[in-house]
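Trainee: Would you be able to build a 3D model of this:
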Amino acid sequence: MSADTIAVLGAGAWGTALANVASAGRSRVVLWGHDPAHVEALAKDRENKRFLPGLPLAAAVAPQADLESVEDADVVLAAAPAQAMREVARRARPHLRDGAAFVICAKGIERGSRRFMSEAVAEELPQVEIAVLSGPSFAADVCKGLPTAVTLAAFRDDLARRLCELLSTRAFRLYRSCDVRGVEIGGAAKNVLAIASGMAAGRDLGASAQAALIARGFAELMRLGRVCGAQRETLMGLSGLGDLVLTCGSAQSRNFALGYALGRGEGLHDAAHGKLAEGAFTAAALVEMAVERQVEMPIAAAVDAILAGRWNVADAIEALLMRPLKAEA
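Mentor: Numbering: from 1, shown residues only. Predicted structure coming up:
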């Protein structure tokens, strides 16, 4: 067991699952949440009834509402939503020691600035070493101890190696990478593409259409990744293709579920069912990024147009089906 002290920022489903994983072999892991009432309930119930009902909080997990509680952390797992990541990092800055590892566990692109999470965090936390954790993983599966494999990327291989060794368990396996941008692109794009996949399922377009959407969506992800300097192996690995397949094929995915409800004719507000779907916030930034880099992403663009109210689902399907025929590669 390593002596490194670990803290988790964000007491949602993913943060809770990561805190449980990190608690293996440790006497205490801080789990910080921004809502004092929610944190109090976590400490009292020893269960995240709001986000992971029925799954107990590990004994070593210590829910806290005060950011001073992370001051001693050698490693911080940041599981706040992507659009809140900058603000959480800014608030945490006075409490994080120089050289601490700050592992970004959210998937998305910041709206407005079109910054990847690593870029936003670097602007707010110049004193930390940044890493990114991403891959095919549902919080409930991780919390249940079901086998899961994800990618952890850092700018230095020795840091990536140390963090993988520190955080891996028998069931939660981490594979290291130095391709931070590739890992981030996969995590951000797949959420948007999963909304499209959910729409197709909601419209009962069939398994063939689902397969086509995943394949052509992956082609869009690859095109953007290539222009942004991502490594092909990363995009074809756990944090790219692996996460895309999981998210596009399961109703457990909040993004797929949002798309499914939209495909069934629900309005955007009702379709979310009170749950955060990161792809809904990332879509516009992703498409703007693609346009800026002259990368063709018609499926992502259709999702953005639907979410913005410019198209309905039927319009989007018609537009995609009527695209000119071309070579696959």
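Trainee: alpha carbons only for contacts and neighbour counts from here, please
Mentor: OK.
Trainee: So Leu213 is in contact with Gly198, correct?
Mentor: No - contact criterion Cα atoms under 8 Å: Leu213 and Gly198 do not qualify, at 10.2 Å.
Trainee: most centrally placed residue in the chain?
Mentor: Lys107 (2.8 Å; Cα atoms, centre = their mean).
Trainee: Need the pLDDT of it.
Mentor: Looking at Lys107, its pLDDT stands at 97.
Trainee: ditto for Gly25
Mentor: On pLDDT, Gly25 comes in at 91.
Trainee: So between Leu213 and Gly198, which is more surrounded?
Mentor: Neighbour comparison, Leu213 and Gly198: the larger count goes to Gly198, with 29 against 19 (by other Cα atoms under 10 Å).
Trainee: Give the full set of residues in contact with the more buried one.
Mentor: Contact analysis of Gly198 by Cα atoms under 8 Å, 6 or more residues apart in numbering lists Cys248, Asn255, Phe256, Ala257, Leu258, Gly259, Tyr260, Ala261, Gly263.
Trainee: what about the second one, neighbour count?
Mentor: For Asn255, the count of nearby residues is 29 (other Cα under 10 Å).
Trainee: could you point out which element follows the host helix or strand of it?
Mentor: Using DSSP states H and E, Asn255 sits within helix 254-263. Downstream of helix 254-263, the first helix or strand assigned by DSSP H and E is helix 268-271.
Trainee: from what I can see Leu167 touches Ala22, true?
Mentor: Yes - if you go by Cα under 8 Å, Leu167 and Ala22 touch, sitting 6.2 Å apart.
Trainee: Comparing those two, which residue is more hemmed in?
Mentor: More crowded of Leu167 and Ala22, by other Cα under 10 Å: Ala22, with 25 against 19.
Trainee: distance of that one from Arg176?
Mentor: Separation of Ala22 from Arg176 (Cα to Cα, to the nearest Å) stands at 17 Å.
Trainee: And the strands in the stretch 1-150 of the chain?
Mentor: Counting by DSSP state E, counting those that start in this stretch, the stretch 1-150 of the chain has strands at residues 6-9, 29-32, 61-64, 75-78, 101-104, 129-134, 148-154.
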